[in-house]
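Asker: Sequence and computational prediction follow.
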Amino acid sequence: MIGFLKKGLSKTLEAIKSVAPKPQEKISKALLEEILLEADVTYELVEEIIYYLPPQEQVKREDVKRVLSTYFIYDTPAPKKEKPFVELILGVNGAGKTTTIGKLAYMYKREGLGVMLGAGDTFRAAAIEQLRRWSERIDVPIVYTQQGHDPSAVAFDAISSARARGIDRVIIDTAGRLQNQVNLVSELQKITRICNKAHEGAPHRKLLILDGTQGNSAIAQAKAFHELIGVDGIIITKLDGTAKGGALFGVARALELPILYVGVGESEEDLIPFEAEAFVDGLLEGIFINESSQNG
Ligand SMILES: Nc1nc2c(ncn2[C@@H]2O[C@H](COP(=O)(O)OP(=O)(O)OP(=O)(O)O)[C@@H](O)[C@H]2O)c(=O)[nH]1
């Protein structure tokens, strides 16, 4: 298994171990069910996975791989040629938005791209301050205002400034909570409109940040964001800190969206592109422990 995914899946694999097959034991459907539930795949989804397997009671690794892979079929909206390419970052407070913005900016910078941050969560002074610290830490410019000021103005200025300076990427933070949901939605819609005014077609990507430690319980909240604002892709944070790795199947399935990255720690380097095949293989390594990976 690739090293970085090991970091993201280690807790989940540990959990699986408690119900893993005994030496020499083959995997039956009943055992597979138990293992998947342990990894926080929902009961409903486990039933579905079993349904799509061949009728035999004993399961083969290649069949399980085929079925599990069907949950990650959604397309990744790749960054297009727009300059600047503008990303709006959505999610509830504490999900890991700020940290993820820092990691994304660092990743783009390492790819040789110019990055500009916009501190659009003006609802909380701490959010502005935290993003400013990230901008210093990874040395990328930031546009911010005082708490309470219009976040749309921040978005407009960040994009305009990036255009003027020939910067490739703009990443804009947004509030995760306001006085109520109606306010939040209208604020996010306004930011979206103003982005488009600053640079036609922006924001090019709206990314939803979900706290991986919440597992399947993050789904309802994610659906609400998706229905109200329209999300293009998901980033799952804190995968290193949870045994709920199996929830990724339910998240992708429920939202019908691609998972683009996963967070596996608190440093700037702890963001990895999500690769479905590596993820599924990683889980299968923990399930089919009596077989070598060459068998399928
Ligand atoms: N272990 C681990 N911790 C993470 C990861 N991503 C974020 N965190 C931590 O989660 C906490 C919340 O992250 P923030 O980035 O502050 O979350 P936020 O959504 O911006 O929330 P606010 O700061 O409340 O707006 C911080 O302590 C982060 O260090 C991750 O991938 N792994």
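Answerer: Everything's here; your move.
Asker: alpha carbons only for contacts and neighbour counts from here, please
Answerer: Will do.
Asker: ok, now how distant is the nearest residue to residue 223 once chain neighbours are set aside from the ligand?
Answerer: Excluding the flanking residues, the one nearest residue 223 by C-alpha to C-alpha, 6 or more residues apart in numbering is residue 255, at 6.3 Å. Using C-alpha to the nearest ligand atom, to the nearest Å, residue 255 is found at 20 Å from the ligand.
Asker: Hmm, residue 255 is touching residue 224, no?
Answerer: No. Assessed by C-alpha atoms under 8 Å, residue 255 is found out of contact with residue 224, at 10.0 Å.
Asker: In terms of packing, which of the two has more residues around it?
Answerer: Using other C-alpha atoms under 10 Å, the more surrounded residue of residue 255 and residue 224 is residue 255, with 21 against 12.
Asker: Report the closest residue of the stretch 101-250 of the chain relative to the ligand.
Answerer: residue 238 (3.4 Å; C-alpha to the nearest ligand atom).
Asker: ok, that residue - contacts?
Answerer: Taking C-alpha atoms under 8 Å, 6 or more residues apart in numbering, we find residue 238 in contact with 8, 96, 211-213, 262-265.
Asker: at 6 Å instead, please
Answerer: 212, 263-264 (C-alpha atoms under 6 Å, 6 or more residues apart in numbering).
Asker: secondary structure element for residue 68?
Answerer: helix 61-69 (DSSP states H and E).
Asker: What residues sit buried inside stretch 24-40?
Answerer: 26-27, 29, 31-40 (16 or more other C-alpha atoms under 10 Å).
Asker: Mind putting the residues you listed into JSON lines with pLDDT and secondary structure?
Answerer: Below are the buried residues of stretch 24-40 laid out as JSON lines (pLDDT from 0 to 100; DSSP: H, G, I helix; E, B strand; the rest coil):
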{"residue": "26", "pLDDT": "90", "secondary structure": "coil"}
{"residue": "27", "pLDDT": "94", "secondary structure": "coil"}
{"residue": "29", "pLDDT": "96", "secondary structure": "helix"}
{"residue": "31", "pLDDT": "95", "secondary structure": "helix"}
{"residue": "32", "pLDDT": "96", "secondary structure": "helix"}
{"residue": "33", "pLDDT": "96", "secondary structure": "helix"}
{"residue": "34", "pLDDT": "95", "secondary structure": "helix"}
{"residue": "35", "pLDDT": "95", "secondary structure": "helix"}
{"residue": "36", "pLDDT": "96", "secondary structure": "helix"}
{"residue": "37", "pLDDT": "96", "secondary structure": "helix"}
{"residue": "38", "pLDDT": "95", "secondary structure": "helix"}
{"residue": "39", "pLDDT": "95", "secondary structure": "coil"}
{"residue": "40", "pLDDT": "95", "secondary structure": "coil"}
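Asker: Can you name the residues of the protein sitting close to the ligand?
Answerer: Residues of the chain that fall close to the ligand, judged by C-alpha under 6 Å from any ligand atom: 93-99, 127, 237-238, 240-241, 263-266.
Asker: Just these: which are in strands?
Answerer: 237, 263 (DSSP state E).
Asker: Of the residues of the chain next to the ligand, select the buried ones using a PyMOL command.
Answerer: In PyMOL, this line selects whichever of the residues of the chain next to the ligand come out buried by 16+ other C-alpha under 10 Å:
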select buried, resi 93+95+96+97+98+99+127+237+238+240+241+263+264+265
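Asker: out of the residues of the chain next to the ligand, who's nearest residue 207?
Answerer: residue 97 (9.9 Å; C-alpha to C-alpha).
Asker: With adjacent residues omitted, what lies nearest to the closest one?
Answerer: residue 209 is the one closest to residue 97 (C-alpha to C-alpha, 6+ apart), at 6.1 Å.
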